[in-house]
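Asks: kindly generate the corresponding structure for this input.
(4 chains)
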Number of protein chains: 2
Amino acid sequence: MLSDPIARTRRFHRAVTTEAGVLDSSFLGRGRPLGPARVLNAIGHGMHDIGEIRAYLRLDSGLMSRLLRGLEDEGLIELTASSTDGRRREAQLTNSGRAEFAEYERLSDQQAEQIVARHPRPEILLNAMDIVATALGMERVRLEELSPEEPRARACLQVYYEELAQRLRTGFDVTRSADPEATDMIPPRGSFLIALSDGLPIGCVGLKGTDKGYAEIKRLWVAQSARGMGLAGQLMDTVEDRARSLGIDLLRLDTNSALPEAIAFYRKRGWTEIDRFNEDPYPDFFFEKRL
Amino acid sequence: MLSDPIARTRRFHRAVTTEAGVLDSSFLGRGRPLGPARVLNAIGHGMHDIGEIRAYLRLDSGLMSRLLRGLEDEGLIELTASSTDGRRREAQLTNSGRAEFAEYERLSDQQAEQIVARHPRPEILLNAMDIVATALGMERVRLEELSPEEPRARACLQVYYEELAQRLRTGFDVTRSADPEATDMIPPRGSFLIALSDGLPIGCVGLKGTDKGYAEIKRLWVAQSARGMGLAGQLMDTVEDRARSLGIDLLRLDTNSALPEAIAFYRKRGWTEIDRFNEDPYPDFFFEKRL
DNA sequence: CTTATTACCTGACATTTGTCAGCAAATTCG
DNA sequence: CGAATTTGCTGACAAATGTCAGGTAATAAG
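Replies: Next comes the predicted model:
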């Protein structure tokens, strides 16, 4: 009974939804119904495109429209037509909207603080919450193909470079490495995929087209909090499929012996070690895989 | 960001409320709004008194009344006047109500199962969920007196014995120890209390009556995930009160030097060390407390 | 250019939920 | 016993939410 996974999970769910009810009362504490409050918060958190907010909150277009008008009448937001697509509209907080959003943030922070504060050993609780949040967020991970120049892609690469710099003995300076031209990672020549969890980038992988009869896998990275959940495998599966669909039948990649788990990962996935195939100063392990 | 307690807690909250939204869609999956579904589930989980359900779900009396009538019209529940208080009413599931409730249970179980099954290392996730659920549910912990033969009581004792076997040098074989007769832990001779967190047992303590002018405290246990939250103290307070109400004025207990935190705990709570008072092979520390 | 399609809006309507005042019956307390 | 309290019901209303059938303008597709 005590080890029954179903009973334990359902108890967790009950505990958390009861608590969530309490937390959500913070929304009501400012005399505004849940609907408008959720929209205001979505905008405050950087969602500007109406369609994006609608999809995220799963709202009917009619309802959404009325909620926006309500917030506009309150003077909390401004709506402007999108510059790239005249049908779309974009929402921005006004000054008083920013103040109101900040107030919601303050309340949320306070609630969060209380939960942690009343635990005798906060770090234990926090670690447990990280594990749960990562696990639950995992099913909502979406893979998206986009340009490596795009801000979210650059954010991934930034962290990737920083981690490399820490782990390689020699450090890592991306300007000295063979930094793939962005155009090599854009279809139909190549591809760049990022994994998004609730809109937050937690992983990426690049497929760099060459003129040498093969393509290269570059920049495979998974955020610390998401490791051990098979995300790297998911990224690789997807990028291999994408390579096939682009007519590529041979893949190569280089890596470094300072990253033993990466080497084991490639071996397990059917890559075979080959001789050095480039003059990049950082890698010392080279792999190949025929699709 | 990853070490900031507030950011981590809020990320957890986001992950969990999104997931809860998905889970709650299981309520909607049966073509019934959330309100009636919640009431039906409360009744199915053993809440019969209308007032109790109302307090639990925080519903207005008018709304509650209409929800009940709706369920009655659907033929899912029956309402009867309370035998002890003519003002109160009690709700019972009809046969078709039981079938409907079972269907909700099946859906919930299925959802719970999926969450766990998707995780590469379920036990890590389950432990994390236990810690979170216990922390959030600490205020809702209920102590219940029941027979040590009851399944939930046996489940507690089972874990207790297993932990003892691990921690004692000598191992632990319950059949060699002075296993209290169940009847000694049933009122009016004794008592057995378990702590329930959202229905899941997370701790227990036994009060074993004797004919020697004192009663013994036995089987004080708190689940790993609930330790450090003051539950042991709560259990002891309650069982001491219970002892008083049964006319007992002297308590004894035995324990083992392999459990130093237990010994410190008893000392802090006003127990005094005494000489060995039994021939049980496992304990080597003996305490007494006058009520 | 014509025809879909897309993104969003509007109005109309139903349902669900929240809230309140008032009422009746049962119970408690002086 | 009689007044106060408790429990729960009813009706009336307001607010919030869900849903749908159009409509307009911008864009994409043929």
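Asks: centroid-nearest residue for chain A?
Replies: residue A:201 (2.0 Å; Cα atoms, centre = their mean).
Asks: does stretch A:84-104 reach DNA strand C?
Replies: Yes: residues of stretch A:84-104 contacting DNA strand C under Cβ under 7 Å from any atom of the strand: A:85, A:87, A:88, A:89. C-betas here are computed from N, CA, C, even on glycine.
Asks: near DNA strand D, from those residues?
Replies: Within the residues of stretch A:84-104 next to DNA strand C, those near DNA strand D by Cβ under 7 Å from any atom of the strand are A:85, A:87.
Asks: pLDDT at residue A:75, what is it?
Replies: pLDDT for residue A:75: 91.
Asks: that one: what's it in contact with?
Replies: A:94, A:96, A:97 (Cβ atoms under 8 Å, 6 or more residues apart in numbering or on different chains).
Asks: just to revisit the earlier point, tell me if the residue nearest to the centre of chain A really is in a strand.
Replies: Yes: the assignment for residue A:201 (DSSP: H, G, I helix; E, B strand; the rest coil) places it in a strand.
Asks: test my guess that it contacts residue A:150.
Replies: No: using Cβ atoms under 8 Å, residue A:201 and residue A:150 do not qualify as a contacting pair, with a distance of 10.0 Å.
Asks: ok, back up a step: want to throw the residues of stretch A:84-104 next to DNA strand C into JSON lines with neighbour count?
Replies: As requested, the residues of stretch A:84-104 next to DNA strand C are exported to JSON lines (neighbours: other Cβ atoms under 10 Å in any protein chain shown):
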{"residue": "A:85", "neighbour count": "11"}
{"residue": "A:87", "neighbour count": "7"}
{"residue": "A:88", "neighbour count": "15"}
{"residue": "A:89", "neighbour count": "16"}
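Asks: domain map for chain A?
Replies: Chain A breaks down by automatic domain parsing into domains covering A:5-118, A:141-290.
Asks: where does the stretch 51-200 of chain A have low pLDDT?
Replies: Applying pLDDT under 70 to the stretch 51-200 of chain A picks out residues A:174-181, A:198-200.
Asks: get me the contact residues on it for DNA strand D.
Replies: Near DNA strand D, when you scan the stretch 51-200 of chain A using Cβ under 7 Å from any atom of the strand, you find A:59, A:60, A:61, A:62, A:63, A:66, A:84, A:85, A:86, A:87.
Asks: are any of those buried, and which?
Replies: Neighbour counting by 16 or more other Cβ atoms under 10 Å in any protein chain shown classes residue A:59 among those as buried.
Asks: now, which of the residues of the stretch 51-200 of chain A next to DNA strand D sits nearest chain B?
Replies: residue A:59 (12.7 Å; Cβ to the nearest Cβ).
Asks: out of the domains of chain A, nearest to residue B:221?
Replies: Nearest to residue B:221 among these is domain A:5-118; the distance by Cβ to Cβ comes to 17.5 Å.
Asks: and the closest one, end to end?
Replies: End-to-end span of domain A:5-118 (Cα to Cα, to the nearest Å): 27 Å.
Asks: related to what we said a few turns ago, among the domains of chain A, which comes closest to residue B:249?
Replies: It's domain A:5-118; of the domains of chain A, that one is closest to residue B:249 (Cβ to Cβ) at 35.6 Å.
Asks: returning to that earlier point: which one (most neighbours) among the contacts of residue A:75?
Replies: Of all these, residue A:97 has the most neighbours under the rule other Cβ atoms under 10 Å in any protein chain shown, reaching 21 neighbours.
Asks: helices or strands up against whichever strand or helix holds it?
Replies: Using DSSP states H and E, residue A:97 sits in helix A:95-117. When contacts are defined as 3 or more Cβ pairs under 8 Å, 6 or more residues apart in numbering or on different chains; DSSP states H and E, helix A:95-117 sits against helix A:5-28, helix A:34-44, helix A:122-138, helix B:5-28.
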